[in-house]
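K.L.:
sharing a sequence plus its predicted fold:
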Amino acid sequence: MKYEILAPAGSMESLIAGVRSGANAVYLGGKMFNARRNAGNFDDEELKNAVEYCHKRGVKVYLTLNILVSDNEMKSAYDTVRYALGVGVDAFIIQDIGTAKMIKEHFPQAKLHGSTQMSIMTPAGARYAKSLGFSRIVLPREMSLDEIKEIRKSTDLELEIFIHGALCMSVSGQCYLSSMLGSRSGNRGLCAQPCRLPFTAKGDKSECALSLKDLSLIEHLEELDGITSLKIEGRMKRPEYVSASVTAVKKANDGTYTSSDSFNLRSVFSRSGFTDGYLTAARGKTMFGTRQKEDVISANNVLKAISHNYDNENPLLPIDMHFICKKDSPCTLSAAALGKTVTVTGDIPEAAINKPMTAEGLKQRLSKLGGTQFFANDISIELDDGLIIPVSKINELRRKAVELIEVLPEITVESKPFEQKNFEQKNRVPYLTASFRNAEQIPDKHPFKHVFIPLDSSLEDFVDNRAGVVLPRGLFGIENDIKARLEKLKKAGVAKALCGNIGSYQLAKEMGFEVFGDFGLNIYNSESAQQISNPILSFELTMEQANKINAENTGVIVYGHVPLMLTRNCPIKSSIGCYECNMQGRLTDRKGYEFPIICSDYPCVELLNPIPIYMSDRINEIKTDFAHFYFSTETLEEVEKIIEMHDKGVKPDFKYTRGLYQRGTL
């Protein structure tokens, strides 16, 4: 099985290292709108040069636009896409569904790849992505082989997976730790990686309970049938890392991977080794690791040697040539590579006085492609006897043919003009909604127009509370189970579903539920909000931005210990075990804050903010259609107290935060 090898390029040096080492495609970011804004990245001229360099070598270029885009930034995103298409970018990696909508409406020729930040982990999620015009989706790193196969069987979309590189503790697109702790949002490309800092479940201040080893699935290639692209993480890493990882994947793809390649790969960068725990469904303690002194020393020993792998152009592309030399006619050389054929014409050959040309000699001369990206593949010769052409003229023909092969075609961009929209603040008094972790938290009397409880609540609880259902954000391998449960709930009269994943949103919509979009959909702009029914907007927006979202029936979270991570590898279980936790797990950071861990019957656990968002004393500043309360660890008495404080519009007598509604993200 042959795969596309997709290399990271945080700089031109890394791009060259990846291409010369054998990558079939690279992904890179511009100066804006990408999830690695701290990488070197590429300005307009550098992007043009990068695409030209790659396309001359048969390598595709994918531009990352994989962050959430605000209303005020949409015109700049439009300009970025128009320029990128004009210089030949092959596809765009997108997180934000509003950005995807804008691109498909204005640039019908643009190809869209769904970023792993979209959290597409089910067949229904793949259907939703296809309906938006995506041709490829990047699957979450947390998926097992069986779960990948389930999606492969369900869709004709291209599938891309991460084959090597860093693992986030959180499911991509579902981490708010960096933004809530320091206003540096991973969904906006500036994650500060606080998860690599000490967090402990057992009191050991040196424990890094949220730090995973790097992923490496290179030795599993034979099992990944149906995957289109193997993606290497690492746009923040140095060129030697890119070269070593591309080389390793290429050799595995060719069946020539050895222990020496494995040694280089681990030496150039690792966190106490690698893990394949998600793919093999062997999650647990062995997946955790940190960067150690020994890892750094190991890297120093191999970096210089690896750097020589891409010192010079490597002949990675085949070129076919056909040379015709007939008496009394100008000789011609046709060359075919990069999907096109060119022909150049030379001089009329002369009669040889001593030693005439031979077909074998011409093949040797035409094969001298040193210093180029080409190697001679099939060379055919038509030659009359007794003729001669100067060697310099043959060399000139070969050089001209290569130069013509490298000429890139003119690009025509089909586009519709962008119309800037005005976003005016709404002026509404919001009604109230709430979600609860369990039905016991719901007071007999409450002010909520809609209440939602978890999927595994009893039918009696749904009926007694006239409740809608909260669907889990972590859907790995459980779509059929969820569908079966929803069918029972629907028969019992449950009509509403609160969905924080596009897969559950698609499934509930297909089944006839009135769907509400939860915060996990990361609705950050009006284009996104217009595609989702009753959306709870991203709590990474400022309140001013949220109030100006132009869509029907939008809401914001005004109270709650909001989830900061959705993770498939429970840090409490891996540290002290489930028995010691007793479903009361907490992680303590280096400052002494305790972060509750919420577990469930479903494949993921959630890390909650220790300090709740509270906006009830400033409810007059909220102009969205509804205000949502997110109840998690509270007792019934605490819920009643919070409702009472909201009714009175007073500040609470406990520690609280305004979240990002005032300070926003960088």
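P.N.:
Good, I have the coordinates. Residues are numbered from 1 along each chain as shown.
K.L.:
just the terminal-to-terminal distance for stretch 348-366.
P.N.:
Criterion CA to CA, to the nearest Å; first-to-last residue distance in stretch 348-366 is 18 Å.
K.L.:
so T665, which of the three states?
P.N.:
Following DSSP: H, G, I helix; E, B strand; the rest coil, we place T665 in the coil state.
K.L.:
could you report the pLDDT at it?
P.N.:
T665 is assigned 88 on the pLDDT scale.
K.L.:
likewise F33?
P.N.:
Note for F33: predicted pLDDT of 82.
K.L.:
hang on, it packs against V69?
P.N.:
Yes - taking contacts as CB atoms under 8 Å, F33 lies within contact range of V69: 6.5 Å. Heads up, the C-betas are built off the backbone N, CA and C, glycines and all.
K.L.:
list the contacts for D647?
P.N.:
Residues in contact with D647 (CB atoms under 8 Å, 6 or more residues apart in numbering) are P447.
K.L.:
and for F33 and V69, which residues touch both?
P.N.:
Between them, F33 and V69 share these contacting residues under CB under 8 Å, 6+ apart: A77.
K.L.:
if I look at A529, how far off is K426?
P.N.:
The gap separating A529 from K426 is 12 Å, by CB to CB, to the nearest Å.
K.L.:
okay, the two: which has more neighbours?
P.N.:
Taking neighbours as other CB atoms under 10 Å, A529 and K426 compare with A529 leading, 26 against 16.
K.L.:
what's the more buried one sitting at in phi/psi?
P.N.:
The phi/psi pair for A529 (degrees, to the nearest 10) reads phi -60, psi -30.
K.L.:
residue contacts, it?
P.N.:
Contacts of A529 by CB under 8 Å, 6+ apart are G98, I523, P535, L537, I549, N550, A551, T554.
K.L.:
mind checking pLDDT for it?
P.N.:
We have a pLDDT of 97 for A529.
K.L.:
now it, nearest residue through space, not along the chain?
P.N.:
Of all residues not flanking A529 in the chain, A551 sits nearest, at 3.4 Å (CB to CB, 6 or more residues apart in numbering).
K.L.:
tell me which residues touch N609, please.
P.N.:
By CB under 8 Å, 6+ apart, the contact set of N609 is M180, H561, V562, P563, L564, F595, T657.
K.L.:
any idea how far F452 is from it?
P.N.:
Applying CB to CB, the value for N609 to F452 is 20 Å.
K.L.:
cool, L15 as well?
P.N.:
Distance of L15 to F452, given as CB to CB: 47 Å.
K.L.:
buried residues in the one helix or strand N301 maps to?
P.N.:
Per DSSP states H and E: N301 is located in helix 293-307. For helix 293-307, the buried set under the neighbour-count rule, 16 or more other CB atoms under 10 Å, comprises D295, S298, A299, V302, L303, I306, S307.
K.L.:
which pLDDT value belongs to the fifth one?
P.N.:
If I follow you right, that is L303. What the model reports as pLDDT for L303 is 84.
K.L.:
quick check: closest non-adjacent residue to it.
P.N.:
E240 (4.7 Å).
K.L.:
confirm that that neighbour sits in a helix.
P.N.:
Yes - under three-state DSSP, E240 sits within a helix.
K.L.:
okay, strands next: where are they in the stretch 451-600 of the chain?
P.N.:
In the stretch 451-600 of the chain, the strands defined using DSSP state E, counting those that start in this stretch lie at 468-471, 496-499, 514-517, 555-560, 563-567, 586-589, 594-598.
K.L.:
how far does the third one sit from the chain's center?
P.N.:
Remark: strand 514-517 is offset 25 Å from the chain centroid, using CA atoms, centre = their mean, to the nearest Å.
K.L.:
helices or strands up against that strand?
P.N.:
Using 3 or more CB pairs under 8 Å, 6 or more residues apart in numbering; DSSP states H and E as the contact test, the elements touching strand 514-517 are strand 496-499, helix 502-510.
K.L.:
and the ones you listed as a markdown table, adding distance to V249?
P.N.:
Putting the helices and strands packed on strand 514-517 into a markdown table (distance: least, CB to CB, whole Å) gives the following:
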| stretch | distance to V249 |
| --- | --- |
| strand 496-499 | 36 |
| helix 502-510 | 29 |
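K.L.:
so for Q441, which of the ones you listed sits nearest?
P.N.:
strand 496-499 (15.4 Å; CB to CB).
K.L.:
elements contacting the closest one?
P.N.:
strand 450-454, strand 468-471, helix 502-510, strand 514-517.
K.L.:
for L489, which of the ones you listed is the nearest?
P.N.:
For the helices and strands packed on strand 496-499, the distance to L489 is smallest for strand 468-471, at 5.8 Å, taking CB to CB.
K.L.:
any buried residues in the closest one, and which?
P.N.:
Using 16+ other CB under 10 Å as the test for burial, strand 468-471 gives G468, V469, V470, L471.
K.L.:
and the last one, what pLDDT?
P.N.:
If you check L471, the pLDDT there is 98.
K.L.:
who does T343 bridge with?
P.N.:
S334 (DSSP bridges).
K.L.:
sorry, back to before: so which of the helices and strands packed on strand 514-517 is nearest Y83?
P.N.:
Of all the helices and strands packed on strand 514-517, it is helix 502-510 that lies closest to Y83, at 28.7 Å by CB to CB.
K.L.:
just the pLDDT for the residue nearest to F629 when sequence neighbours are not counted.
P.N.:
Nearest non-adjacent residue to F629, counting by CB to CB, 6+ apart: A434, 4.0 Å away. If you check A434, the pLDDT there is 98.
K.L.:
look up how far C499 lies from A434.
P.N.:
A434 is 16 Å from C499, by CB to CB.
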